[in-house]
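In: structure, please.
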Amino acid sequence: MNAPRNPPVNQLSERPNEQPAERKAEQIDWAGKNYLVVDDFIGVRQLLRESLRSLGARNIDQASSGGEAIGLLAKLRYDVVLCDFNLGDGKNGQQVLEEARVRNLLLPSSVWMMVSAEKSVESVMGAAEHQPDAYLVKPITEGVLLTRLNRAWHRKQVFRPIDQAYAEKDYLRAARLCDEQIAASRVHEIELLRMKARLMEKSGEPERAREAYERVLAQREYQWARAGLAKIRMANGELEQARQMFLGVIAENRYYIDAYDQLAQVYQQMGKLEEACSILERAAKLSPNSVPRQRNLGKICLKLGNVGMAEKAFRKCISVGEYSVRKTPDAYLGLARVCGLKNDPKEALVHLGAAQREFGAEHADIGLRAKITEGLVYHESGDYRLARKAGDEIEALLDARPERPDVPTCLEMATLLFAVGVKDAPVELLCYVTRNNHDNAMLLDEVQAIFAKARMADEGEELIRAAKKQASDLMNQGVLLWKTGKLDEAVKWMRNARAKLPNNQRILFNAAQVLISHMREKGYAELLAAEAHEVLAHVDRLQPGQQRFAQLMEQLAALAPKGEAVESEPAPAASVDTEA
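Out: Reported below is the predicted structural model:
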């Protein structure tokens, strides 16, 4: 079969054709900007440095490896980065860009240009997924470099204040800035609408996102806008409509990789794991170097019992993730589970040891997760004595620390402990999960299913009902204090509620709202504002893209003294969530 024609990056990302606004703009002064050139060949670095100097650049740093580049990026915020895709041993250019984005090592206005002699679909697709500002194929002339730099720089200046508001997570202000830029000039209207739609999605306002996407589609049929509408359908539970839309996007552009990932999510929500597995396998063939995609493929295959494909995906995930900021313990733990299913606990223990060595410093729960996986491996391979021993060690770990891990780990732990004959510890875990997620019906169904599997269906129903009431009572008492004007007492009560239920999103939102109300009534206080920011940041990590998060962030920004935050429209009156 003939190899597919290499698609240009601008087709992959479907950026609208740039208008020649840069011709009308003032000439850019390149002399005062900071540059970073990253290439493993000294000759190429020198050529790129001389090309930049011919433009007037003076402040040019160089790096010969991905690790060295990250070190420099952590010390100085560069205006322009020219980074080769292939950097020899260690991180490649894609992984450097990925890490720089994740760690916020780039200015909102920074221009990142990926430079490479590589033209393969796999490399171009991998780079395009992380959306550099340009992808330049060697050899590069000074004329091409200047043209692409000018184009990218002018575009960045349009988006600079928007990106800054985005970085501050003030999504509603960023959306208003998009509207202001569109009103001022139609040159970048399509890209501004795209940004606005994403901001509305992050703000939990899908209808406003839909309006932005439809404004785009009224002008031209962009597949990213069609995919955006499909995501909204998926979020609204219209799974069949979303499925058809994503399939349509893929039919129009087989290289639009995000559509594959989203379609796999649709199939998972529909309970069609075989179809989800198939679509992720197709995506992984087109762009195999995505750590999250290989990890998700392995997890689905594990659920399906497709041990061979799960093993292949997890091994690939570990391989491509060696130098990636996206690597997690999941692939190591998943591979250990695969070994258990293959009745090879010895190799499973090797992978569990590797996970603890790799992630011990940055993942506080890795020892616990490894021990849970060890117990599951022994249980699945029929060694019930060692499985029970692992269960006893997990109980000891739980007794030694008051904190509890994330929800998936709690559920997995409870399942194992019930399986090896322990009762009290898994009951406490499931009640903890219920209290912290007392309004999440789908999760509570999963909790009930674990109780039922342990032959505790009736008892489980009563335990869930009692845990839900405890959470509601705790939250409502704080709301009552707020409503009766006892703001100091309300703040203290919500702090206590957060300490008891640190991951209950409704309690977290109400705690932030009470803090904001306190400052509205009694004046701005830096410590209370910092506490509110901390609470909101935590809830955004738990579940990004909630409407109330965006609203409270805007209310908080409006309270800050002038000079500390960009002014915004008056925020809506305070409201606190309560339950009957």
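
In: wasn't residue 115 part of a helix?
Out: No: checked against DSSP: H, G, I helix; E, B strand; the rest coil, residue 115 lies outside a helix; its state is strand.

In: how many residues are close by it?
Out: Applying other Cβ atoms under 10 Å, we find 25 other residues in the vicinity of residue 115. The C-beta positions use only the backbone N, C-alpha and C, and glycine is treated the same way.

In: once you drop chain neighbours, what's closest to residue 463?
Out: Of all residues beyond its chain neighbours, the one nearest residue 463 is residue 431 (5.7 Å), with distances taken as Cβ to Cβ, 6 or more residues apart in numbering.

In: thought the one you found was touching residue 465?
Out: No: at 10.8 Å, residue 431 does not count as touching residue 465 under the criterion of Cβ atoms under 8 Å.

In: please identify which of the two sits among more neighbours.
Out: In this comparison of residue 431 against residue 465, neighbours counted by other Cβ under 10 Å, the higher total goes to residue 431 at 18 against 10.

In: where does that one fall, secondary structure wise?
Out: Per DSSP states H and E: residue 431 is located in helix 424-436.

In: in that helix, what's buried?
Out: Of the residues in helix 424-436, those with enough neighbours to count as buried (16 or more other Cβ atoms under 10 Å) are 425-436.

In: what average pLDDT does the helix or strand following that helix get?
Out: Tracing the chain past helix 424-436, the next element assigned as helix or strand by DSSP H and E is helix 441-453. The average pLDDT for helix 441-453 rounds to 93.

In: again with stretch 540-557
Out: The average of the pLDDT scores along stretch 540-557 is 88.

In: go through it and flag the buried ones.
Out: Across stretch 540-557, burial judged by 16+ other Cβ under 10 Å covers 540, 542, 545-546, 548-557.

In: of all those, which comes closest to residue 406?
Out: Here the nearest of the buried residues of stretch 540-557 to residue 406, counting by Cβ to Cβ, is residue 542; it sits at 9.0 Å.

In: so what's the closest one up against?
Out: 503, 505, 508 (Cβ atoms under 8 Å, 6 or more residues apart in numbering).

In: could you flag which of those residues are buried?
Out: 503, 505, 508.

In: looking at those, which are in strands?
Out: The strands, defined by DSSP state E, take in nothing from the buried ones among the contacts of residue 542.

In: make CSV out of those residues and add distance to residue 351.
Out: What follows is these, written out as CSV (distance: Cβ to Cβ, whole Å):
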residue, distance to residue 351
503, 29
505, 34
508, 36
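
In: element containing the closest residue to residue 448 other than its chain neighbours, please.
Out: Excluding its sequence neighbours, the residue lying closest to residue 448 (Cβ to Cβ, 6+ apart) is residue 460, at 5.6 Å. With the criterion set as DSSP H and E, the secondary-structure element containing residue 460 is helix 457-483.

In: tell me what angle that helix forms with helix 424-436.
Out: For helix 457-483 against helix 424-436, the angle by axes from the mean of the first three to the mean of the last three Cα atoms, to 10 degrees is 40 degrees.

In: thought the residue nearest to residue 448 was touching residue 447?
Out: Yes: contact status for residue 460 versus residue 447: in contact at 7.4 Å, counting by Cβ under 8 Å.

In: quick check: neighbours shared by these two?
Out: residue 430.

In: where does pLDDT dip in the protein?
Out: 1-26, 118-130, 563-580 (pLDDT under 70).

In: please name the nearest non-neighbouring residue to the spatially most central residue of it.
Out: In the chain, the C-alpha closest to the average C-alpha coordinate belongs to residue 544, at a distance of 8.3 Å (Cα atoms, centre = their mean). Excluding the flanking residues, the one nearest residue 544 by Cβ to Cβ, 6+ apart is residue 202, at 6.8 Å.

In: what's the neighbour count on residue 61?
Out: Using other Cβ under 10 Å, residue 61 has 18 other residues around it.

In: contacts only, for it.
Out: Residues near residue 61 by Cβ under 8 Å, 6+ apart: 34-37, 72, 76, 78.

In: in helices only, show me the contacts of residue 542.
Out: Using DSSP state H, the subset of these located in helices is 505, 508.

In: looking at the contacts of residue 542, which is nearest residue 211?
Out: Proximity of the contacts of residue 542 to residue 211 was ranked by Cβ to Cβ; the top entry is residue 505 with 27.0 Å.

In: how far away is the closest one from residue 447?
Out: For residue 505, the distance to residue 447 (Cβ to Cβ, to the nearest Å) stands at 16 Å.

In: next: residue 418.
Out: For residue 418, the distance to residue 447 under the criterion Cβ to Cβ works out to 12 Å.

In: with residue 189 instead?
Out: Taking Cβ to Cβ as the measure, residue 189 falls 48 Å from residue 447.

In: what does residue 345 give?
Out: 29 Å.

In: now residue 395
Out: Computed as Cβ to Cβ, the residue 395 to residue 447 distance reads 19 Å.
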